[in-house]
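Peer 1: I'd like to go over a predicted model; first the sequence, then the structure.
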Amino acid sequence: MTSTLAELGEAELLKRLARFAPPGQLDDDTACLASDARPLLVNTDVLVDGLHFSDATTAAADVGWRAVAANLSDLAASGAVSIDGITVALVAPGTTPWSWVEEVYEGISAALQQHGGTLLGGDCSSGTTRLLSVTALGRLGPLRLLRSAARPGDVLISSGPHGLSRLGLALLQNDPQLQATSLAAALRDKAIRQHQRPQPRLDVLNRLLVCKPAELPWRAGGTDSSDGLLAAVRGLCNSSGTGARLIRSQLPKAEDWPEGDLWDRWCLGGGEDFELVLSLPPAWADALEQALPDCRRFGQITDQTGSIVWTDDLGPVQDCGFDHFAPG
């Protein structure tokens, strides 16, 4: 029978977690990073049981993976070209089985092995709700992606399709909204995989750097779509004092994505797809599309501050993204 955290105690828990970090890494209260001329990018993301994951939809290893992916996605969307590592704060009731924690850290290790970085340290505490707070550290490359760097005339481009994670969640929850819809098996599999094991798009950032036309300056707007595609566009517009026109027929949808209002809303506001949403000069957008055919051009930045409309009828695009503090 597996031990609980209360039965293990803090000292034994830390001893067991140490195997997920380099030897000796967790012996002290601080981590020491080697000096580097490149600026350090830092971000923190929190996953809360019942809000961002549940036992019904997310295996423990996938919780660990998603905790890392969410942070590395933010680093990619800021211009990080290498990952130093992460710290992890774990809060869990004493009744939590050690096996759940072990699998979470196995998922963390798998994500770091694939995308780079090491477990640098962290903290553990008892609490009434399971929670993972991850802080990630990465090194800035030649392009600092900022939401405030979008400019009128820029092309809006997505690194991949949107809505898959929301569909994956609906499938795992047997959502009754899907009862009348026949979905291709490949789409179902891709959606569940996207929800459980999203990929931070560090690969897209690397291609973006390589394909920049030589005559252009290092200026591009960028964010990720953790809270949804429309929320990403709105973040770019709010920070840069611009507006946007979106092309309804060119929304970044997956192959075999159904038609209809529900499916458009999930594409625009489903959240947790962790794709990059970029505001690029047209020549740079052209070059990125050639380098990465999966990228999707879906709109343009305008000088109409705060106005996000459709190109066909100039009607406003209705908000439908995720809000952490919206009433349930």
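Peer 2: Nice, I can see it. The model shown is predicted, which means the values in this text are computed figures rather than measured ones. Numbering: from 1, shown residues only.
Peer 1: how far does stretch 248-268 stretch from start to finish?
Peer 2: End-to-end distance for stretch 248-268, by Cα to Cα, to the nearest Å: 11 Å.
Peer 1: contacts for it, please.
Peer 2: By Cβ atoms under 8 Å, 6 or more residues apart in numbering, the residues outside stretch 248-268 that reach it are 158, 160-164, 166-167, 177, 181, 183-184, 186-187, 190-191, 228-230, 275, 296-299, 310-312, 317, 320-321. Any C-beta I mention is one placed from the backbone N, CA and C, and that applies to glycine too.
Peer 1: from those residues, which land in strands?
Peer 2: S158, R296, R297, F298, G299, W310 (DSSP state E).
Peer 1: those residues, buried ones only, as a PyMOL selection?
Peer 2: Those of the ones in strands among the contacts of stretch 248-268 that count as buried under 16 or more other Cβ atoms under 10 Å are selected in PyMOL with:
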select buried, resi 158+296+297+298+299
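Peer 1: can you list the ones in strands among the contacts of stretch 248-268 in TSV and add distance to A150?
Peer 2: Output for the ones in strands among the contacts of stretch 248-268, formatted as TSV (distance: Cβ to Cβ, whole Å):
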residue	distance to A150
S158	14
R296	17
R297	15
F298	14
G299	11
W310	18
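Peer 1: what about the strands in the stretch 1-150 of the chain?
Peer 2: In the stretch 1-150 of the chain, strands defined by DSSP state E, counting those that start in this stretch lie at 40-48, 80-92, 118-126, 131-140, listed in chain order.
Peer 1: what pairs with the last one, parallel or antiparallel?
Peer 2: When pairs are called by DSSP bridges, strand 131-140 turns out to pair with strand 40-48 (antiparallel), strand 80-92 (antiparallel).
Peer 1: angle of that strand against strand 118-126?
Peer 2: For strand 131-140 against strand 118-126, the angle by axes from the mean of the first three to the mean of the last three Cα atoms, to 10 degrees is 160 degrees.
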